[in-house]
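Participant: Predicted model and sequence below, questions to follow.
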Amino acid sequence: MANKKIAVLVGSLRKDSFNKKVANEIQKLASPNLELEFLEIGNLVHYNEDLDHENPPQEWTTFRSKIKDADGLLFFTPEYNRGLPSVLKNAIDIASRPYGQNSLAGKPGAVVSVSISALGGFGANHHLRQSMVFVDVPMMQQPEAYIGNAHSLFSENGDLVEDTRAFLKSFIDAYETWVNKF
């Protein structure tokens with residue numbers, strides 16, 4: 001089986017982000033058949049169609065190229081005001097533009113939402129899924145990954161609690177199966 005390149009987009013820029021920590025744990029749990037590459041989205045200038053006409057920012061062209069080269073997409077998102085963080089929405093807008101040049105289209109995706117609330121980022125998870133319908137990213141349906149009470153997922157020495165590790169392993173294994181269908 002050929003290795004699959006997976007672009008990882010983390011919607012939290014915070015240094016000690018729970019989403020980054022969970023994404024790093026999933027990377028450790030992924031089979032060698034998945035090559036997870038974390039794409040920097042915090043440096044992307046806010047999307048403005050005027051900048052796309054003649055000479056788009058280099059960060060945009062580099063980002064779009066990495067998305068085009070990917071075989072799949074993994075999103076990790078916190079929930080801000082029942083929706084996506086602006087940095088993640090901006091990355092999606094950049095990757096799907098200019099009109100007719102959507103670099104996201106047809107790539108199998110999945111989302112993990114991580115939140116300190118008990119709801120586990122439910123709103124952001126579904127907000128992301130709604131956007132993915134329009135940009136033609138088929139999203140894995142099961143298992144859903146709403147990870148709540150994020151502050152309790154790691155021990156004092158930073159180790160992930162075992163039941164969460166087992167769930168994340170089942171998630172990334174299901175995602176590998178999902179990617180291989182495409």
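Facilitator: Cool, the structure landed. Not measured: the values here are computed from a predicted model. Numbers count the residues shown, from 1 in each chain.
Participant: Run through the residues that contact the nearest residue to Ile92 once chain neighbours are set aside.
Facilitator: Closest residue in space to Ile92, ignoring its immediate chain neighbours: Ser131 at 5.8 Å, by CB to CB, 6 or more residues apart in numbering. Heads up, the C-betas are built off the backbone N, CA and C, glycines and all. Residues in contact with Ser131 (CB atoms under 8 Å, 6 or more residues apart in numbering) are 84, 89, 92.
Participant: Tell me if Ser131 really is in a strand.
Facilitator: No. The assignment for Ser131, made by DSSP: H, G, I helix; E, B strand; the rest coil, is helix rather than a strand.
Participant: Okay, it and Ala2: tell me how far apart.
Facilitator: Distance of Ser131 to Ala2, computed by CB to CB, to the nearest Å: 29 Å.
Participant: Same question for Phe171.
Facilitator: The value you get for Phe171 to Ala2, if CB to CB is used, is 22 Å.
Participant: Lys89 now?
Facilitator: 32 Å.
Participant: same deal with Ala118?
Facilitator: Applying CB to CB, the value for Ala118 to Ala2 is 40 Å.
Participant: do Leu34 as well
Facilitator: For Leu34, the distance to Ala2 (CB to CB) stands at 11 Å.
Participant: Comparing those two, which residue is more hemmed in?
Facilitator: Under the criterion of other CB atoms under 10 Å, the comparison of Leu34 against Ala2 puts Leu34 first, with 22 against 7.
Participant: wait, that one sits on Ala174?
Facilitator: No. Judged on CB atoms under 8 Å, Leu34 makes no contact with Ala174 at a distance of 11.9 Å.
Participant: So Ile6: helix, strand or coil?
Facilitator: With three-state DSSP as the basis, Ile6 sits in strand.
Participant: What residues sit buried inside the lowest-mean-pLDDT helix or strand in the chain?
Facilitator: In the chain, the helix or strand scored least confidently by mean pLDDT, DSSP states H and E is strand 145-147, which has a mean of 92. The neighbour-count check on strand 145-147 (16 or more other CB atoms under 10 Å) flags 145-147 as buried.
Participant: Quick one: distance of that strand to the chain centre.
Facilitator: From the chain centre to the centre of strand 145-147 is a distance of 13 Å (CA atoms, centre = their mean, to the nearest Å).
Participant: Output the helix or strand following it as PDB - backbone C-alpha positions only.
Facilitator: Note on strand 145-147: by DSSP states H and E, the next helix or strand toward the C-terminus is helix 162-180. Only the C-alpha atoms of helix 162-180 are listed here, as PDB (Å, rounded to 0.1, in the frame of the first residue of the first chain):
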ATOM      1  CA  GLU A 162      -5.400   5.800  28.100                       C
ATOM      2  CA  ASP A 163      -9.100   5.800  27.200                       C
ATOM      3  CA  THR A 164      -8.600   8.900  25.000                       C
ATOM      4  CA  ARG A 165      -5.500   7.300  23.400                       C
ATOM      5  CA  ALA A 166      -7.600   4.200  22.500                       C
ATOM      6  CA  PHE A 167     -10.300   6.400  21.000                       C
ATOM      7  CA  LEU A 168      -7.800   8.400  19.000                       C
ATOM      8  CA  LYS A 169      -6.200   5.200  17.700                       C
ATOM      9  CA  SER A 170      -9.600   4.000  16.500                       C
ATOM     10  CA  PHE A 171     -10.200   7.400  14.900                       C
ATOM     11  CA  ILE A 172      -7.000   7.500  12.900                       C
ATOM     12  CA  ASP A 173      -7.300   3.800  11.800                       C
ATOM     13  CA  ALA A 174     -10.900   4.600  10.500                       C
ATOM     14  CA  TYR A 175      -9.500   7.600   8.800                       C
ATOM     15  CA  GLU A 176      -6.800   5.500   7.000                       C
ATOM     16  CA  THR A 177      -9.600   3.200   5.800                       C
ATOM     17  CA  TRP A 178     -11.500   6.300   4.600                       C
ATOM     18  CA  VAL A 179      -8.600   7.700   2.700                       C
ATOM     19  CA  ASN A 180      -7.900   4.400   1.000                       C
END
